[in-house]
Structures are given as C-alpha cells and as structure tokens.
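Peer 1: Below are the sequence and a predicted model; questions follow.
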Amino acid sequence: MDHPLTGARAGRGANRLTPPVTARRNDEAQGETSVTDTFDFVVVGAGSGGCAVAGRLSEDAATSVALLDAGGRNDTWRITTPFGLALPYPAANWAFDTVPQKGLNGRIGYQPRGKGLGGSSAINAMVYIRGHKWDYDHWAALGNAGWSYADVLPYFKRAENNRDFDGEYHGKGGPLHVNRLRSDNPIHDVFHQAAREAQFRVRDDFNEADHEGLGSYQVTQHNGERWSAARAYLQPHIDKRANLRVETGAHATRILFEGKRAVGVEYVQGKQKKQLRARREVILAAGAFQSPQLLMLSGVGDGDALGAHGIGVVHHLPGVGRNLQDHPDFVFVYASDYPHFVHSSLGRLPTLLRAIQRYRRERRGLMTTNFAECGGFLKTQAHLDVPDIQLHFVVAMLDDHGRKRHKEAGFSCHVCLLRPKSRGSVWLRSADPLAAPMIDPNFLGEDEDLEAMVAAFRTTRRLMETPALRALQKKDMFTSNVRTDDDIRAILRNRVDTVYHPVGSCKMGTDALAVVDPALKVHGVQGLRVVDASIMPTLIGGNTNAPTIMIGEKAADMIKAEMRAH
Ligand SMILES: Cc1cc2nc3c(=O)[nH]c(=O)nc-3n(C[C@H](O)[C@H](O)[C@H](O)COP(=O)(O)OP(=O)(O)OC[C@H]3O[C@@H](n4cnc5c(N)ncnc54)[C@H](O)[C@@H]3O)c2cc1C
C-alpha cells in the first residue's frame, strides 16, 4: 500500500529507514548477531511522547537520535483515514486485557494501545483536549516545579497549529494540526440543542483556562486525515535528517546498564537480538503499561517484586508500576433511525460508497468522522471547583469498545469520571520481555468513585432525556429499567470500563513512590528519562494525547537547555 501523501511504499515488520550514523560491530555470542551503533539519545517507543521528543531533539543536526518501536510504520489508509477507526487493525494495537476487576464484578477489562509509529495517537479518537488549568497547577502544588499551567501552556502552543482558534491559548505553526471536524454531520445541531434544553452551557473552545460546557470537539486532523504524533513530528523528517534513525519491528527487551548508568537498549528485531548504545541518555516512551514493564525487566523497580521473577536489582525503586490511574467510563447506547448515524448493515452500502467518493474528492463527510464528535465537561454538583465528568457523544452504537456489533444504527454517549480516587498497578506477568504486562486499573476500587459515577450517570441521563435526543431514540439498549441508585450501581459494576487514558505508573515527583523527578529523570540512576503518559502524577481532566505531546515538547526543551549548559 502506498503512502497516501508521499507515495512511499509502506514497510512490513523490521524496517531500517535511515543508515546508521556510527560504527557497527558483529558479536557472535550465543550464535546471535548483535549490531551496536551509538547515538546521543536512544528513544524507546514512537508514540505521542516518543515522537515529540525524538522529533524535537533531532532538529539539531549535531544531535543523533535513534527511535525504536515494536510496531510498523502505520502509514496505510486504514490509519490515515479517520473512519478506519471502525475497522479492527490488530497490527497497530497491543489489545491488552486487564486482570479481573474486583470493582467490576470480576470482569476482565480491555486496554487497546497503539503499536507502531504514532503509538496510541495512530488509533485514538483524535479528540484534541488539554485538560483543565487546575490539573497542572495541582501537579506543581505536589512539588513538581516547572509544571504549573503557566509553565506548560507554551508547550501546548508550540506543538499546535490550530486552524480555528488563536489568541492567548492557541498556537499557530506547530507540527500538530488541530481543527474542527469535516464530517458535516447535522447531529451537532441536535446535540447543542439538547445541551441547551438540559440547561448546560454550549461551548465552542474546550482548550481555554476553563472548559465547562458541551459542544463539538476539535480533532487532530489535517485536511480530513488523521494527524498522529508520527505525522506531526517524525514522518516529514524520515530519510531527510541524517541524524535520525527510526527502527520499526524493534521490540526493546531491556535497558543496558553499566553500574547505575543507562548506556543503551537491547531489542529484538525479527529473529535477531540487537543493541544500540546511548552516549547521553536512554529515553523511555513506551507508554503507561510498557515503560514500567521495561524498567522492571531491566532491574529498576520494587526489589521484592523483581526478585520473584529472578531479575537482578539495578536500583530498588518501589513506585515503578504503582499509581496507575485511568478514567472509568460508562456508555449509554440507543438504537435510532436517524439517517446520519453510522451503521454496518449492507443496506447502507450505497451511503458508504458515496462517502468514500466524497472523501477522495474533498476529504470531507462521513469518512472523516472520529466517531466521538461531540461532548464536553460537566460538574455533577454545582459547588465543585472544576468539572468532574467528561462526555463523548458517539455517532454509532458502541458496545464493548465496538467489539460487539449490532445490526441497527444508533448512537452512544460515554460518561467518564475525570479524577478517580482508585489507584491500580502494572506488574510483570513474567520475566519474558515479549509477554504482556499484568494490568490492574482497579476500576471502582474505591466506593467514592462508584458514588461519583452514580452522579455522573444521573447528570448524563438529564441530557439523554431532553426532547432533542429523545426524538432520536428507537430503543434504549441497556438502561431502560435503570431507575434507583442501586440499579445504577449495579449497571455500573456490570458495564464500566476504560475510555483509554491510563497514566501515572512512573509518576513524577519527589516522594518515596515517585519514579522520575520534575526533569523526568529516573530517580537513583543516571542517563535515563521517561517521557510519556506514565509520568503524570495525577490523571488530568480530559483526553491524554495532547498532554503527552506537551510532555514530549517540554522534555526536549529541558534536555536541550541542559546540553547548552554543559
Ligand atoms: C482507542 C484509544 C482512543 C483514544 N482516544 C483519544 C482521543 O480521542 N484523544 C486523546 O487526547 N487521547 C486519546 N487516547 C489516549 C492517547 O492517545 C494516549 O494517552 C497517548 O497517545 C499516550 O501516549 P504515550 O506516548 O504515553 O504512549 P503510546 O502513544 O501508546 O506510545 C507507546 C509506544 O511505545 C511502543 N512500545 C511499547 N513497548 C515497546 C517496546 N518494548 N519496544 C519498542 N516499542 C515499544 C508502542 O508500540 C507504542 O508505539 C486514546 C487512546 C486509545 C488507545
């Protein structure tokens, strides 16, 4: 499949994109070939954080950067066409399961995670949200100097090229394209009308200092195509920057240490075991599940837990893998005859074919949908300082993350709790670096979260019961008999799962459970940083792609400043 923009051939599996910049040696130990090249920085994981930090560091031709990802190039139409989100794409998704959740009646949750260039930004719903000013001021108040809203706003703006908004809160000219949807779906007017009927504020821009209200989301798209972190920070420079090497199909298996200094990364590519050496730093950007996994595999983590897997301890750091946080989410689902909802039956084939033709001609219409087209932020109680729930209004029936298909058309509305009290964990399932980690989000582990979700359910139902939305409902799929608080608690325990925002498992801070310091350096070792969603000390009130890209931007800036100073 050719790249839709560049015409370049898409890679399969292992794929060296630019030549090595330094020496190579062959190591025949154990019959395997290990190719060792040296770079200033070796970055593991080409997701939102990894692309941003590698892209920015490699702007300086004198700084050599290698970026590894276990997945592929992710440049086929199935990734770049927003509608592709509706089609399962196993090669670009780690598709993890959680351990049985005690707060969810023992159910096993699903945790999709992007694999390959762009990471989760290559498979996400493209909603562009930064979180609330309060969140970053809270990070700073926890002891993370340099991470207040005033400190991080310039990095959000530096990343952004916002087509619709400018002024104090927005950037123009950054690599990340942000704009309104081009789906032209008239449902937006219905949703805004419903918001007014329920007496919620209708808001145009969710990325100012406050974000309370409902409306239409902006998305990370450009000209109707998905704009992943890879398209923003990496793909324009692949094969052009001689100091940037990108390896796909390259699964990092451990960080190499000399004493307590990280000096490189070992990885498997195809059947070969290889190494890359880092002159300055190894940067982990493997995401909220796999960054802690790789630290533990490499001997950095809770000493007892590592010992149980026979892993020698490089540094006892008990916080690695703890403090996992994710947004618990409930989805209202309705069948509907409204003609602008997405539908998988053959009867709608002519509509789909027309939509494909329009997309090819204009890059507009149904094929540009991110599905979660509308939504916003609400307070379940008037006295709260900041909104505590977020809604995602989806133009299709969404059951079990889209894994259970329904014949009828319809719509859905997610509601998630923005700052849950429950804390989960990521542990090793085994010492096999290719095994999935053991993920426990501990959803609804704290009763306070369950009660907050009851209020979230009632607040969202106010919107679902407005005349504007009632008029579209043919059948309430799961909640028609849910009336009392006990009914709500029961259905929450039966149906809550993730809305895909795990963070916090390598948290930034200065306390005993902190994994990185405010410069994102791993405590107790040298030459090692973490630059991804795992460093967030607390979950922000919103979607996590833009915040993770901000983290990558700020990390690159901090590293460049340190390099200038030495
Ligand atoms: C289905 C879904 C929908 C979402 N919707 C939205 C949305 O609409 N808006 C929003 O803001 N956020 C959304 N998110 C969340 C957001 O995309 C993520 O929070 C963000 O992309 C995380 O960035 P990251 O850098 O921490 O990790 P990732 O982007 O997940 O990147 C990690 C990368 O590391 C690689 N990797 C992992 N382990 C290894 C290894 N051992 N060796 C080599 N490579 C490795 C992975 O393949 C991956 O490419 C969604 C996420 C998902 C999954």
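Peer 2: In hand now; what should we look at?
Peer 1: Name the nearest residue to the closest residue to the ligand within the stretch 101-250 of the chain, sequence neighbours excluded.
Peer 2: Distances between the stretch 101-250 of the chain and the ligand by Cβ to the nearest ligand atom are smallest at Gly119, namely 2.5 Å. C-beta here means a position set from N, CA and C on the backbone, and glycine is covered the same way. The shortest distance from Gly119 to any residue that is not its chain neighbour, by Cβ to Cβ, 6 or more residues apart in numbering, is 2.0 Å, and that residue is Gly47.
Peer 1: And the one you found, how far from Ala232?
Peer 2: Spatial separation of Gly47 from Ala232 under the definition Cβ to Cβ, to the nearest Å is 12 Å.
Peer 1: what's the first-to-last distance across stretch 56-75?
Peer 2: With Cα to Cα, to the nearest Å applied, stretch 56-75 spans 21 Å between its terminal residues.
Peer 1: does any bit of it sit next to the ligand?
Peer 2: Yes. Interface with the ligand: stretch 56-75 contributes Leu68, Asp69, Ala70, Gly71 (Cβ under 6 Å from any ligand atom).
Peer 1: what about the last one, neighbour count?
Peer 2: For Gly71, the tally of surrounding residues (other Cβ atoms under 10 Å) stands at 24.
Peer 1: Which helix or which strand is home to it?
Peer 2: Mapping Gly71 onto the secondary structure by DSSP states H and E places it in no helix or strand at all.
Peer 1: For the nearest residue to it once chain neighbours are set aside, report the pLDDT, please.
Peer 2: Ranked by Cβ to Cβ, 6+ apart and with sequence neighbours excluded, the top spatial neighbour of Gly71 is Gly116, at 2.7 Å. According to the model's per-residue confidence, Gly116 sits at a pLDDT of 98.
Peer 1: circling back: which one of Gly47 and Ala232 has more residues nearby?
Peer 2: Comparing Gly47 with Ala232 by neighbour count (other Cβ under 10 Å), the higher total belongs to Gly47, at 33 against 25.
Peer 1: Most neighbours of all the residues of stretch 56-75 next to the ligand, which one?
Peer 2: By neighbour count, taken as other Cβ under 10 Å, the most surrounded of those turns out to be Asp69 (33 neighbours).
Peer 1: Asp440: what's it in contact with?
Peer 2: When contacts are counted by Cβ atoms under 8 Å, 6 or more residues apart in numbering, Asp440 is found next to Thr98, Val99, Gln101, Leu324, Gly424, Ser425, Val426, Trp427.
Peer 1: Could you check how far it is from the ligand?
Peer 2: Going from Asp440 to the ligand by Cβ to the nearest ligand atom, to the nearest Å gives 18 Å.
Peer 1: for Val333, same thing?
Peer 2: When Cβ to the nearest ligand atom is the yardstick, Val333 and the ligand sit 17 Å from each other.
Peer 1: Could you give the bridge partners of the residue of the stretch 301-450 of the chain found nearest the ligand?
Peer 2: Nearest to the ligand in the stretch 301-450 of the chain, going by Cβ to the nearest ligand atom, is Ala372, at a distance of 6.2 Å. Using DSSP bridges, the bridge partners assigned to Ala372 are Val394.
Peer 1: give me the number of residues near it?
Peer 2: If we define neighbours as other Cβ under 10 Å, then Ala372 has 25 of them.
Peer 1: Surely it and Ala396 touch.
Peer 2: No. The pair Ala372 / Ala396 is not scored as a contact, 9.8 Å apart, by Cβ atoms under 8 Å.
Peer 1: contacting residues for Val53?
Peer 2: Residues in contact with Val53 (Cβ under 8 Å, 6+ apart) are Val43, Ile283, Ala285, Val531, Gly552, Glu553, Ala555, Ala556, Ile559.
Peer 1: In which helix or strand does the residue nearest to the third one when sequence neighbours are not counted reside?
Peer 2: Leaving aside its sequence neighbours, Ala285 sits nearest to Gly50 (Cβ to Cβ, 6+ apart; 3.2 Å). In the assignment (DSSP H and E), Gly50 maps to helix 48-57.
Peer 1: pLDDT averaged over that helix - what is it?
Peer 2: Mean pLDDT, computed over helix 48-57, is 99.
Peer 1: Mind checking the pLDDT average for the following helix or strand past it?
Peer 2: Going down the chain from helix 48-57, the next helix or strand is strand 65-68, by DSSP H and E. Strand 65-68 comes out with an average pLDDT of 98.
Peer 1: Strand 65-68 packs against which elements?
Peer 2: Under the contact definition 3 or more Cβ pairs under 8 Å, 6 or more residues apart in numbering; DSSP states H and E, strand 65-68 sits against strand 36-44, helix 48-57, strand 244-248.
Peer 1: So which of the ones you listed is the most surrounded?
Peer 2: Scoring those by mean neighbour count under mean count of other Cβ atoms under 10 Å gives helix 48-57 as the most buried, with a mean of 31.
Peer 1: about what we covered before: so what pLDDT did the residue of the stretch 301-450 of the chain closest to the ligand get?
Peer 2: For Ala372, the model assigns a pLDDT of 98.
Peer 1: Now for it: which residues touch it?
Peer 2: Shown in contact with Ala372 (Cβ under 8 Å, 6+ apart): Ala125, Val127, Tyr217, His392, Phe393, Val394, His414.
Peer 1: please redo it, this time with the cut-off set to 10 Å
Peer 2: Under the criterion of Cβ atoms under 10 Å, 6 or more residues apart in numbering, the contact list for Ala372 reads 85, 124-127, 217, 219, 391-396, 398, 412-414, 499, 543.
Peer 1: taking those residues one by one, which sit in strands?
Peer 2: Judged by DSSP state E, the subset of these located in strands is Val219, Leu391, His392, Phe393, Val394, Ser412, Cys413, His414.
Peer 1: Just give me the closest of those to Met296.
Peer 2: Lowest distance from Met296 to the ones in strands among the contacts of Ala372 (Cβ to Cβ) belongs to His414, with 32.0 Å.
Peer 1: how near is the residue of the stretch 1-150 of the chain found nearest the ligand to Gln101?
Peer 2: Closest residue of the stretch 1-150 of the chain to the ligand, Cβ to the nearest ligand atom: Gly47 (1.8 Å). Gly47 sits 25 Å away from Gln101, taking Cβ to Cβ as the criterion.
Peer 1: Now for Gly47 and Ala232: what residues contact both?
Peer 2: Where contact means Cβ under 10 Å, 6+ apart, the residues bridging Gly47 and Ala232 through contact with each are Gly118, Ser121, Ile549.
Peer 1: Between these, which sits nearest His315?
Peer 2: Ile549 (28.8 Å).
Peer 1: Next up, the contacts around the closest one.
Peer 2: Remark: with contacts taken as Cβ under 10 Å, 6+ apart, Ile549 is in contact with 47-49, 51-53, 55, 121, 130, 155-156, 158-160, 174-176, 220, 229, 232-233.
Peer 1: need the helices for the stretch 1-150 of the chain, in chain order.
Peer 2: 48-57, 77-80, 133-141, 149-159 (DSSP state H, counting those that start in this stretch).
Peer 1: Check those helices for me and report the most buried one.
Peer 2: For these, ranked by mean neighbour count under the definition mean count of other Cβ under 10 Å, the leader is helix 48-57 at a mean of 31.
Peer 1: Can you check what angle separates that helix from strand 36-44?
Peer 2: Angle between the axes of helix 48-57 and strand 36-44 is 130 degrees (criterion: axes from the mean of the first three to the mean of the last three Cα atoms, to 10 degrees).
Peer 1: what inclination does helix 48-57 have with respect to strand 244-248?
Peer 2: Note on geometry: by the same axes, to 10 degrees, helix 48-57 and strand 244-248 are set 150 degrees apart in direction.
Peer 1: Sounds good, over and out.
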